[in-house]
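>>> What follows is a protein structure lacking sequence information:
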């Protein structure tokens, strides 16, 4: 029998029981919808995170105190005091790290910013004057502080967009004075809005010397940011920085490093691994419903085969071979699940699109809708395979039926 | 292809279309053996109209299933058109059923949600006949049983008599060498039943189809040329019909 007629016969078989067919594929639709939704949102989240990491630039090397590790010891990393002024000066030395264009220490703290009766919790970034160059972060009002301010521990502050909104509302902030940890700082610049996915809006920038003196009261750095001259020198710079610090800290065994040197590419790779694993895990959970859906299909197909014994017998009596019958029932199962898959993809993609609109317009995330083509193709293939796997048993039962069944009259 | 060549060749040989020698059929159900046929030898020539009669349990349905290749016999030989069918596999058997045999069942066995034309076309989709001829062949078959006006109606919408006519058209559509009819009037009122048996007789007298009819009604059997009576799995009598009933022309156009 020609495949075209097998398909036609299968479609007729399915449309004869429309509501049954529809209910049968619900499981597959839910399964594929969830998978597409998870994959699409996972991809969107990954793009969002990577977009931020890449914002650091491809030539940025970050030196963190303590050894990179995950788990309970992570907290101790931020408390680590292994990066000191001596290390900063060694990295700044061109003979140690020849390709470093900028070297900038950072100190991170937190506190309540107060202006008049307005209070707002802020992250305090102590940095060098190179923030506009390294992070592409330029105040849209006022200016960033200078090297002079860093050297002289000036009590100046550049505030993020939300800090300005909460403390000053519509008033001009530049030239005003705010209090953090009982010290007074003069606002010299206001940063533009970066969107809710950025922590800079809730932050203030000050000279790192000022932060060490007035906010944290420490002498070490939370990180040192090294900008290389070209992307090609990134790897050698990572090496140079690592060797410089090992020498400075008298470390011979790399396993005992009390610092870590990463690049935005490293961070991106780590984050990708995490989001990929999370997406795969969620997709696997969603895939369970496909198995449940498949068993539902097998169940209905078995009922259908029993119910259509006479039809099968008749077809065989008038010349259908076992293979013709097998093909017909297998096609019914595959068409059923594949159409469930297509409906699931449309549903999943639509839901993901609606969510992306909500995320961008309501929560103001820099989110972009991603249609997961690979997942969609995979979805249809998997759905079809579910039909094949769970349809083969009922179809085989059907093909083995004797044509005599058609003669039997009940 | 071997099969096709062979059949073609055989049409020139004046041998019996159907010839069985000492056919036995024993059903073995969980150790209990039932002998449905006990050594049946018959010969049916091309163009004959034979009625097989007998009380229930006499083995008439079993015999029809074996002759129609729907079931295997336990012992004996069955030659169809001079060829021993024991030598064919299931796919070849399906092909013979499709191209050489037509079936009419008591329960009609139509696909209820397909049209008359689609039902009649069904054997063709399993055949080697070119697709371009399917509609023409099916339409001709529907017209020949007087259902031209019902061509595109769903089978489920038809009366019992009309359903059986569709089944006859379906049996005819591949121009088979023999048509097996298993109690074709058993499910019909007497008027529709008479119309059906008369159509079947016309297929034999006017178109030369070989017909093997199973019935328990003497009235219906008398439309045949010959009546074989079975009793307890054996042939009790095999006689020509002397007062053969003929088509009244009343129900057939």
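Great, that's in hand. Only a predicted model underlies this, so the values are computations on that prediction, with no experimental measurement involved. Numbering: from 1, shown residues only, chains lettered A, B, ... in the order given.
>>> can we go C-alpha only for contacts and neighbour counts from here?
Fine.
>>> Tell me where the chain is predicted with low confidence.
I went with chain A, as the question did not name one. Chain A contains residues with pLDDT under 70 at A:1, A:54-57, A:67-79, A:195-198, A:406-410.
>>> That was the other one, I meant chain B.
B:1-15, B:248-253.
>>> Sketch out the strands for the stretch 251-400 of chain A, chain order is fine.
A:259-263 (DSSP state E, counting those that start in this stretch).
>>> what does it have sitting close to chain B?
Residues of the stretch 251-400 of chain A lying close to chain B by C-alpha under 8 Å from any C-alpha of the partner chain are A:310-311, A:314-321.
>>> redo that, cut-off 6 Å
Contact residues, the stretch 251-400 of chain A versus chain B (C-alpha under 6 Å from any C-alpha of the partner chain): A:318-321.
>>> Just the buried subset of those residues, please.
A:318-321 (16 or more other C-alpha atoms under 10 Å in any protein chain shown).
>>> Relative to residue B:227, which of these is nearest.
Using C-alpha to C-alpha, residue A:318 comes nearest to residue B:227 of those, at 25.8 Å.
>>> show me the contacts for that closest one.
Residues in contact with residue A:318 (C-alpha atoms under 6 Å, 6 or more residues apart in numbering or on different chains) are B:97-98, B:123.
>>> Recalculate using a threshold of 8 Å.
Neighbouring residues of residue A:318 by C-alpha atoms under 8 Å, 6 or more residues apart in numbering or on different chains: B:94, B:97-98, B:101-103, B:123.
>>> Going by secondary structure, the nearest residue to residue A:347 once chain neighbours are set aside is in what exactly?
Excluding its sequence neighbours, the residue lying closest to residue A:347 (C-alpha to C-alpha, 6 or more residues apart in numbering or on different chains) is residue A:33, at 5.9 Å. Assigned by DSSP states H and E, residue A:33 falls within helix A:18-54.
>>> For that helix, buried residues please.
So for helix A:18-54, counting by 16+ other C-alpha under 10 Å, buried means A:21-22, A:24-50, A:52-54.
>>> tell me the domain boundaries of chain A?
Domain assignment for chain A by automatic domain parsing gives A:3-52+A:269-406, A:81-257.
>>> ok, how many other residues are close to residue A:88?
Using other C-alpha atoms under 10 Å in any protein chain shown, residue A:88 has 19 neighbouring residues.
>>> now for the helix or strand harbouring residue B:204, which elements pack on it?
In this assignment (DSSP H and E), residue B:204 forms part of helix B:190-205. Here helix B:190-205 touches helix B:160-172, strand B:210-214, going by 3 or more C-alpha pairs under 8 Å, 6 or more residues apart in numbering or on different chains; DSSP states H and E.
>>> Minimum distance to residue B:80: which of the ones you listed has it?
strand B:210-214 (12.5 Å).
>>> Looking at chain A, which strand is longest?
Looking across chain A with DSSP state E, the single longest strand is strand A:100-115.
>>> do the same with chain B
Scanning chain B for the longest strand, with DSSP E as the assignment, gives strand B:18-29.
>>> and residue B:187, what is it in contact with?
Applying C-alpha under 8 Å, 6+ apart to residue B:187 gives the contacts B:106-107, B:160.
>>> can you pick the most crowded of the residues you listed?
With neighbours taken as other C-alpha under 10 Å, the top of the contacts of residue B:187 is residue B:107, carrying 23 neighbours.
>>> Now do the phi/psi pair for the closest residue to chain B within chain A.
Nearest to chain B in chain A, going by C-alpha to the nearest C-alpha, is residue A:319, at a distance of 4.0 Å. Phi and psi for residue A:319, reported as degrees, to the nearest 10, are phi 120, psi 0.
>>> does the closest residue to it other than its chain neighbours belong to a helix or a strand, and which?
Nearest residue to residue A:319 in three dimensions, chain neighbours excluded: residue B:98, at 4.0 Å (C-alpha to C-alpha, 6+ apart). Element membership for residue B:98 (DSSP H and E) is helix B:90-100.
>>> If we go by neighbour counts, what in the helix or strand following that helix is buried?
Using DSSP H and E, the helix or strand that follows helix B:90-100 in sequence is strand B:101-104. Residues of strand B:101-104 classed as buried: B:101-104 (neighbour count, 16+ other C-alpha under 10 Å).
>>> Identify the farthest-apart pair in those residues.
The largest separation in the buried residues of strand B:101-104, counting by C-alpha to C-alpha, is between B:101 and B:104 at 10.3 Å.
>>> shared neighbours, those two?
Taking C-alpha under 8 Å, 6+ apart as the criterion, residue B:101 and residue B:104 both touch B:171, B:179-180.
>>> ok, of the residues you listed, which come out buried?
The neighbour count (16+ other C-alpha under 10 Å) marks B:171, B:179-180 as buried among those.
>>> For the residue nearest the centre of chain A, give me its contacts.
In chain A, the C-alpha nearest the mean C-alpha coordinate belongs to residue A:46, at 2.5 Å (C-alpha atoms, centre = their mean). Going by C-alpha under 8 Å, 6+ apart, residue A:46 touches A:271-272, A:275.
>>> Secondary structure element holding residue B:235?
With DSSP H and E as the test, residue B:235 turns up in strand B:234-240.
>>> before we move on, back to that, so the residue nearest to residue A:319 is in contact with residue B:123, correct?
Yes - the criterion here is C-alpha atoms under 8 Å, and residue B:98 meets it with residue B:123 at 6.5 Å.
>>> quick one on the thing from earlier: so which of the buried ones among the shared contacts of residue B:101 and residue B:104 comes closest to chain A?
Within these, proximity to chain A (C-alpha to the nearest C-alpha) peaks at residue B:171, which comes in at 8.1 Å.
>>> Please report how far the nearest residue to residue A:245 once chain neighbours are set aside lies from residue B:156.
Nearest residue to residue A:245 in three dimensions, chain neighbours excluded: residue A:87, at 6.5 Å (C-alpha to C-alpha, 6+ apart). From residue A:87 over to residue B:156 the distance is 91 Å, taken as C-alpha to C-alpha, to the nearest Å.
>>> Those two: who's more crowded?
Under the criterion of other C-alpha under 10 Å, the comparison of residue A:87 against residue B:156 puts residue A:87 first, with 21 against 15.
>>> Next, that one: secondary structure please.
helix (DSSP: H, G, I helix; E, B strand; the rest coil).
>>> Would you check how far apart it and residue A:150 are?
Distance from residue A:87 to residue A:150, by C-alpha to C-alpha: 18 Å.
>>> farthest residue from the center of chain B?
Outermost residue of chain B with respect to the C-alpha centroid, by C-alpha atoms, centre = their mean, is residue B:31; its distance is 32.3 Å.
>>> separation between that residue and residue B:71?
Counting by C-alpha to C-alpha, the gap from residue B:31 to residue B:71 is 20 Å.
>>> Next: residue B:186.
Noted for residue B:186: a distance of 22 Å to residue B:71, by C-alpha to C-alpha.
>>> rewinding a little: quick one: contacts of the strand holding residue B:235?
Residues from elsewhere that reach strand B:234-240 (C-alpha under 8 Å, 6+ apart): B:37-40, B:58-59, B:225-230.
>>> In chain B, which residue sits closest to chain A?
Closest residue of chain B to chain A, C-alpha to the nearest C-alpha: residue B:98 (4.0 Å).
>>> I'd like to know how many residues surround that residue.
Residue B:98: 28 surrounding residues under other C-alpha under 10 Å.
>>> and it, what does it touch?
With C-alpha under 8 Å, 6+ apart, residue B:98 has these contacts: A:317-320, B:123, B:126-127, B:174.
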